[in-house]
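sharing a model that was predicted from the sequence below.
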2 protein chains.
Amino acid sequence: MPMDERKLEVLRAIVQDYVATQEPVGSKSLVERHNLRVSSATVRNDMAVLEDEGYIHQPHTSAGRVPTDKGYRLFVDRLSQVKPLTAAERRALHRFLDGALDLDDVVHRTVRLLAQLTRQVAVVQYPSLSRSRVRHLELVHLTASRLMLVMITDTGRVEQRLVELPGPVAEDDVLAIRRTVNEKLTGARLTETPKLIQALVEEAAAELRPAMTNLSTVLLETLVERGEERIALAGTANLTRHSLDFAGSLRPILEALEEEVILLKLLGEVDTSAALHIRIGDENEIVGLRATSVVSAGYGPSGDVVGGLGVLGPTRMDYPGTIAAVRAVARYVGEVLAQN
Amino acid sequence: MPMDERKLEVLRAIVQDYVATQEPVGSKSLVERHNLRVSSATVRNDMAVLEDEGYIHQPHTSAGRVPTDKGYRLFVDRLSQVKPLTAAERRALHRFLDGALDLDDVVHRTVRLLAQLTRQVAVVQYPSLSRSRVRHLELVHLTASRLMLVMITDTGRVEQRLVELPGPVAEDDVLAIRRTVNEKLTGARLTETPKLIQALVEEAAAELRPAMTNLSTVLLETLVERGEERIALAGTANLTRHSLDFAGSLRPILEALEEEVILLKLLGEVDTSAALHIRIGDENEIVGLRATSVVSAGYGPSGDVVGGLGVLGPTRMDYPGTIAAVRAVARYVGEVLAQN
DNA sequence: ACTGGCACTCAGTCTGCCCGAGTGCCAGGC
DNA sequence: GCCTGGCACTCGGGCAGACTGAGTGCCAGT
């Protein structure tokens, strides 16, 4: 059913006003602030219908209307047009990210920038191991039967793990292992390494096989346990900005934000497509976050997606602005990563 | 002036009751709950004096009394006796930390544990570079004129930085540098490395000198920029537990907690002595944290102090319990670090 | 199909009121 | 001289009632 044009216009106006003022909006102020070319009575009728259809809601009789999650969803899907970043914001984006020293720095700067631009809580996932490629593997002989494995990926991530060997191994053998492992694995996607390493174990000279086996175990563990693990967070103080929205319910939100697993889930939908995802209120699986919306996107060098980033705020948020910020930041981080 | 014994007893009772109930405490309930062996009228007189002396404060006429920062200070210094952890807490402490895989894991588990034990915000500083020793330096030849420096410390920290060389360097030369650098620096305190490296630069063969110079610069930078930098945080959700204390003023606290510099300052007093530090309310330099108290301690393997950890909560906190938890955790983390 | 008008509803605010917890002080007792 | 019981006083918090104003729904008229 093609929805009445004016009703949509009214919904858009309600969302805009409510986001701006944070107060239920009534028919009269609506016609004053937006030039809908009809009377308030007409608007009232439209509002009644919108309420029947579940797009808006009245906190109590004799109060104005507030958009429902469904209303925001319609707004986001059909009514909002992305508003581009201001020149100042664009400058900040470049200034902030260009000075980054290494991956850690890039991620930290990104998350702070995002929090600042959107004035909300920002989340940035480190480039996920499983989507990266091996740039280099280094083995450090700590003691006779103990190695440290250092893995450097093309996204700049560095992971290190201890490898306990079943018995002492000679320095030369370590060097040999190091060479072959690097020959075979460099450039490989991390997801392929288990197979490759399995092959290496089989090919290895008998005396090196136990060492190789342990090494492969550790590599696998690293992939599994650390695969997607790291996350940076900023802007939690911004939650207090909306104390009205979250009256008293700040607690579960803060708790959720402390669980890395949950944060990863938030960004989880960001798959290989770099498309923007928006989850509004109830659409959120995590119970504690039913009062919030999440805007997320994938990022990565030149179209590739190696990680996710996003923003979390009250359902009553400035969607066009937030979307623009998330999209711009994701894009630019991708460029920065591509340069390294 | 030796303060009247009973007045101290009254102050202690006030602190205990207020911490427990979070409500101003009056003379009557005081004599009921604690067996001070005098009447409420007498207690009232004592309270009047305590108020004159600035240890307690009356929010308004006809309300009970609340301890002031000065009152808490006296309580902490003279009136409280540390209450040991319960058996369950002690078990949790061991169970939590014994499974740690590597330094990252130790720090994360520690900070969560501390937050959980104290039900407050916990902060743990990673072992500071400047107080650690070099265990191994690794140079990875990424491209002809680009190295990656990986530094592993005896506390398990791993730092990596890119080194841009002035020109291409042969693989063999890199190996040579790697060997000499390791020979000279392994086991050295990081604070000594600048001197040592300076010596290395001077001794180096002419053709390696530029490479060595750049390497030394990066090492220095790492020390300076990353020296104390890393911090882990947990339990921010616990701030909402005390919504009464922080009514509305949650904002500045969250903001402060996001600034690593500020967190480091919090733990800053933790110097070479592993003694416990307590800062109560106003004693805090950071303006946003004037409503909070911080209990911190140094930790490290076998008496050495390599980093700080602590807890932040409302001035109205359970000092004896918090002190016990901080002390126990600091001690046990030290042991865990010593084992590696 | 839109508009103006009107009666109605109801959250929020303000007022006055009372209650009770808590105090300060004083006179008397150990 | 220190402690106690008693008493008058203060003041925040809670409750009830009145008022206000924003906002609605509906209806009759254009």
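Received, thanks. From a predicted model like this one, the values you see are computed outputs, not experimental measurements. Numbering: from 1, shown residues only, chains lettered A, B, ... in the order given.

show me where chain A has helices.
For chain A, the helices defined by DSSP state H cover A:5-21, A:27-33, A:40-52, A:69-74, A:87-98, A:103-118, A:171-185, A:193-203, A:209-226, A:250-258, A:260-268, A:319-339.

and those helices, which one's lowest on average pLDDT?
For the helices of chain A, the bottom mean pLDDT is recorded on helix A:209-226, which sits at a mean of 76.

pull the CA atoms of that helix into PDB?
These are the backbone C-alpha positions of helix A:209-226, laid out as PDB (Å, rounded to 0.1, in the frame of the first residue of the first chain):
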ATOM      1  CA  ARG A 209      57.900 -33.000  13.800                       C
ATOM      2  CA  PRO A 210      57.000 -32.700  17.500                       C
ATOM      3  CA  ALA A 211      58.100 -29.100  17.500                       C
ATOM      4  CA  MET A 212      56.100 -28.400  14.400                       C
ATOM      5  CA  THR A 213      53.100 -30.000  15.900                       C
ATOM      6  CA  ASN A 214      53.100 -27.800  19.000                       C
ATOM      7  CA  LEU A 215      53.700 -24.800  16.800                       C
ATOM      8  CA  SER A 216      50.700 -25.600  14.700                       C
ATOM      9  CA  THR A 217      48.600 -26.100  17.800                       C
ATOM     10  CA  VAL A 218      49.500 -22.600  19.100                       C
ATOM     11  CA  LEU A 219      48.800 -21.100  15.700                       C
ATOM     12  CA  LEU A 220      45.400 -22.600  15.700                       C
ATOM     13  CA  GLU A 221      44.700 -21.500  19.200                       C
ATOM     14  CA  THR A 222      45.800 -18.000  18.300                       C
ATOM     15  CA  LEU A 223      43.400 -18.000  15.400                       C
ATOM     16  CA  VAL A 224      40.500 -19.300  17.400                       C
ATOM     17  CA  GLU A 225      40.900 -17.500  20.700                       C
ATOM     18  CA  ARG A 226      42.300 -14.200  19.400                       C
END
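
helices and strands around it, which ones?
In terms of contact count using 3 or more CB pairs under 8 Å, 6 or more residues apart in numbering or on different chains; DSSP states H and E, helix A:209-226 is assigned the packing partners strand A:146-153, strand A:158-164, helix A:171-185, helix A:193-203. Placement of C-beta: from N, CA and C, glycine included.

in terms of secondary structure, what does the shortest one contact?
Right, strand A:158-164. Packed on strand A:158-164, when contacts are counted by 3+ CB pairs under 8 Å, 6+ apart, are strand A:146-153, helix A:209-226, strand B:146-153, strand B:158-164.

could you rerun that using 7 Å?
Packing contacts for strand A:158-164, counted by 3 or more CB pairs under 7 Å, 6 or more residues apart in numbering or on different chains; DSSP states H and E, involve strand A:146-153, helix A:209-226.

list the contacts of the residue of the stretch 101-250 of chain A found nearest chain B.
Nearest residue of the stretch 101-250 of chain A to chain B (CB to the nearest CB) works out as residue A:237 at 3.8 Å. Listed by CB atoms under 7 Å, 6 or more residues apart in numbering or on different chains, the contact set of residue A:237 reads B:251, B:254, B:255, B:258.

relative to residue B:258, how far out is it?
Distance from residue A:237 to residue B:258, counting by CB to CB, to the nearest Å: 6 Å.

ditto for residue A:334
25 Å.

can you check residue A:16 too?
Here the distance between residue A:16 and residue B:258 works out to 31 Å (CB to CB).

check residue A:241 too.
Taken as CB to CB, the spacing of residue A:241 relative to residue B:258 amounts to 14 Å.

check residue A:264 too.
Applying CB to CB, the value for residue A:264 to residue B:258 is 21 Å.

what of residue A:62?
Going from residue A:62 to residue B:258 by CB to CB gives 42 Å.

between the two, tell me which one has more neighbours.
Relative neighbour count places residue B:258 above the other of residue A:62 and residue B:258, with 19 against 7, counting by other CB atoms under 10 Å in any protein chain shown.

so what's residue A:30 up against?
Applying CB under 7 Å, 6+ apart, one finds that residue A:30 lies in contact with A:13, A:14, A:17, A:36, A:43.

repeat the analysis, applying 8 Å as the threshold.
A:10, A:13, A:14, A:17, A:36, A:40, A:43 (CB atoms under 8 Å, 6 or more residues apart in numbering or on different chains).

how about a markdown table for the residues you listed, with distance to DNA strand C and neighbour count added?
Rendered in a markdown table, the data for the contacts of residue A:30 read as follows (distance: CB to the nearest atom of the strand, whole Å; neighbours: other CB atoms under 10 Å in any protein chain shown):
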| residue | distance to DNA strand C | neighbour count |
| --- | --- | --- |
| A:10 | 12 | 28 |
| A:13 | 15 | 20 |
| A:14 | 17 | 28 |
| A:17 | 18 | 21 |
| A:36 | 8 | 18 |
| A:40 | 7 | 15 |
| A:43 | 8 | 23 |
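
how about the residues of chain A by DNA strand D?
The interface of chain A toward DNA strand D, taken as CB under 7 Å from any atom of the strand, is made up of A:23-29, A:40-41, A:44, A:47-48, A:51, A:58, A:61-65.

can you do 10 Å?
When proximity is defined by CB under 10 Å from any atom of the strand, chain A lies next to DNA strand D at A:14, A:17, A:21, A:23-32, A:39-52, A:56, A:58, A:60-65.

can you flag the buried ones in those residues?
If you count burial by 16 or more other CB atoms under 10 Å in any protein chain shown, the buried members of the residues of chain A next to DNA strand D come out as A:14, A:17, A:24-27, A:30-31, A:43-44, A:46-47, A:50, A:56, A:64-65.

and the lengthiest strand in chain A, how far out from the chain middle?
In chain A, taking DSSP state E as the definition, the longest strand is strand A:134-143. Averaged C-alpha coordinates place strand A:134-143 at 31 Å from its chain's average position (CA atoms, centre = their mean, to the nearest Å).

that one vs strand B:158-164, what angle?
130 degrees (axes from the mean of the first three to the mean of the last three CA atoms, to 10 degrees).

residue numbers of the stretch 151-300 of chain A in contact with chain B?
A:152, A:158, A:160-162, A:234-237, A:239-241, A:243, A:248, A:250-251, A:254-255, A:257-258 (CB under 8 Å from any CB of the partner chain).

swap the cut-off to 6 Å and go again
Proximity of the stretch 151-300 of chain A to chain B is assessed by CB under 6 Å from any CB of the partner chain, with A:158, A:160, A:236, A:237, A:240, A:250, A:251, A:254, A:255 identified as the residues in range.

of the residues you listed - the most surrounded one?
Highest neighbour count within these: residue A:236, with 25 neighbours (other CB under 10 Å).

now for it: which residues touch it?
Contact partners of residue A:236, counting by CB atoms under 6 Å, 6 or more residues apart in numbering or on different chains, are A:121, B:254.

what does the model give it for pLDDT?
As summarised for this prediction, residue A:236 has a pLDDT of 94.

distance of it from residue A:331?
25 Å.

list the buried residues in the longest strand of chain A.
Taking 16+ other CB under 10 Å as the neighbour-count basis, strand A:134-143 is seen to contain the buried residues A:134, A:135, A:136, A:137, A:138, A:139, A:140, A:141.

residue A:73 reaches residue A:280, doesn't it?
Yes: counting by CB atoms under 6 Å, residue A:73 sits close enough to residue A:280 to count as a contact (5.5 Å).

what touches both of those two?
With CB under 6 Å, 6+ apart, residue A:73 and residue A:280 have no common neighbours.

thinking residue A:276 is in contact with residue A:296, fair?
No: in terms of CB under 6 Å, residue A:276 does not count as a neighbour of residue A:296; the distance is 7.3 Å.
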